[in-house]
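A.B. asks: any chance you could fold what I've pasted below:
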Amino acid sequence: MRSDFIDLMVEDKGDEVIISLSGMFGIREYAALKEKLENLLLGPGIFFFLNLDKARFLDSEYLTLFLALLNELQSRKNRL
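C.D. replies: Numbering: from 1, shown residues only. Below is the predicted model:
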């Protein structure tokens, strides 16, 4: 797993959690990033913000991941 190569920053502001990603993400980083995001989104917080301004995704599978995360949060009455 390549989770040590993922540039991820988390800011916790009470009900708001800001997750910033930067770098290039290919299929090799997919599993590690998925695991990290799923764990972070289980934590406290109601409003989750994903800052993807400095991230570049090289595989369309990430779109499916972000949609699944959005649906999971909506089912828990949280926001992404």
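A.B. asks: three-state assignment of the nearest residue to Ser20 once chain neighbours are set aside?
C.D. replies: Distance criterion CB to CB, 6 or more residues apart in numbering; nearest residue to Ser20, sequence neighbours excluded, is Asn51 at 4.0 Å. The way it works is simple: take the backbone N, C-alpha and C, and place the C-beta from them, glycine included. Judged by DSSP: H, G, I helix; E, B strand; the rest coil, the three-state class of Asn51 is strand.
A.B. asks: ditto for Tyr30
C.D. replies: Quick answer, by three-state DSSP: Tyr30 is helix.
A.B. asks: can you tell me which residues contact Phe66?
C.D. replies: When contacts are counted by CB atoms under 8 Å, 6 or more residues apart in numbering, Phe66 touches Leu50.
A.B. asks: quick one: the worst-scoring helix or strand of the chain on mean pLDDT to chain centroid distance?
C.D. replies: Of all helical and strand segments in the chain, the minimum by mean pLDDT, DSSP states H and E falls on strand 7-13, at a mean of 91. A distance of 10 Å separates the centroid of the chain from that of strand 7-13, by CA atoms, centre = their mean, to the nearest Å.
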